[in-house]
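Q: Dropping a prediction and its sequence here:
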Amino acid sequence: MYTKKIYFSGGDFHELQEVFRSLPGVMDTCTGYINGEGETDFESVSSGSTRAYMGVEVTFNPKKTDLSQLMDVLFAVVNPYVPDGQGKARGEQYRAGVFYTSGEDEPQVQLHLNFIANRGKPSAVAEGGLTLNDPNSNPKLARHCHVLAEPLRSFHEAEAEHQHYLECHLEEETFIDFAKFRDCLGF
């Protein structure tokens, strides 16, 4: 069976793994450290010394799901307008990102992120067709997309205790409301 891989970061990598592990078309997930320099283990990445991102490798069947659908799910749980993390997971190592291994994925990733970067609040239109508070005309009102999009340089699998962590620790407090998430997806 033909599969593809994509790598996502944004917030706690345990939560990202739980989000993607049961999606239709996703064959496997693995937590790990993306594009790090030097030693890559939980302690060194958590400290920020390796410049790695905590993320998840998603192996999927492109005949059952596509990259755009996976990115839709990512940005349903990760706010692309927040720099450096989500919830309690703060720091550059928790920054939102999409890391691709194939040059054919780059245009789709860039198109998706361009859409996210340019979607703003709709302009307020007053009577007579006068536009008020147009977010496209005032940079202070426009939102800035903080998502990295770059080729994967390296991926180091996280230690065994970080694989499928939330499946084994059901009592763990999470930023993502998984019951609501599953309801939205119809699981």
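A: Everything's here; your move. Owing to the predicted nature of the structure, the values given are computational and were not obtained by experimental measurement.
Q: Please count neighbours and contacts with C-alpha atoms only from this point.
A: Noted.
Q: Any stretches of this structure with poor pLDDT?
A: 120-142, 186-187 (pLDDT under 70).
Q: Show me the helices in it, by range?
A: Along the chain, counting by DSSP state H, helices occupy 13-21, 42-47, 67-77, 106-118, 165-168, 178-185.
Q: tell me which residues of the fourth one are tucked away?
A: Read it as helix 106-118. By neighbour count on 16 or more other Cα atoms under 10 Å, the buried set for helix 106-118 is 106, 109, 113, 116, 117.
Q: Same question for the shortest one.
A: Of the residues in helix 165-168, those scored as buried under the neighbour-count criterion (16+ other Cα under 10 Å) are 165, 166.
Q: Which strands or helices does it pack on?
A: Here helix 165-168 touches helix 13-21, going by 3 or more Cα pairs under 8 Å, 6 or more residues apart in numbering; DSSP states H and E.
Q: helices or strands next to the helix it packs on in the packing?
A: Counting by 3+ Cα pairs under 8 Å, 6+ apart, helix 13-21 packs on strand 26-34, strand 53-60, helix 165-168.
Q: Could you dump these into CSV with distance to residue 180 added?
A: Listed next are the helices and strands packed on helix 13-21 as CSV, based on distance: least, Cα to Cα, whole Å:
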stretch, distance to residue 180
strand 26-34, 20
strand 53-60, 21
helix 165-168, 16
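Q: Quick check: which of those is buried the most?
A: strand 53-60 (a mean of 27; mean count of other Cα atoms under 10 Å).
Q: out of the buried residues of helix 106-118, who's nearest residue 77?
A: Here the nearest of these to residue 77, counting by Cα to Cα, is residue 116; it sits at 13.9 Å.
Q: quick one: the closest residue to the closest one other than its chain neighbours and residue 108, what's the gap?
A: Spatial nearest neighbour of residue 116, chain neighbours left out: residue 145 (7.0 Å); criterion: Cα to Cα, 6 or more residues apart in numbering. Here the criterion is Cα to Cα, to the nearest Å. By it, residue 145 lies 16 Å from residue 108.
Q: again, but for residue 119
A: Residue 119 is 17 Å from residue 108, by Cα to Cα.
Q: likewise residue 155?
A: Residue 155 is 21 Å from residue 108, by Cα to Cα.
Q: for residue 175, same thing?
A: 28 Å.
Q: what do you get for residue 88?
A: 30 Å.
Q: Same question for residue 61.
A: Relative to residue 108, residue 61 is positioned 17 Å away (Cα to Cα).
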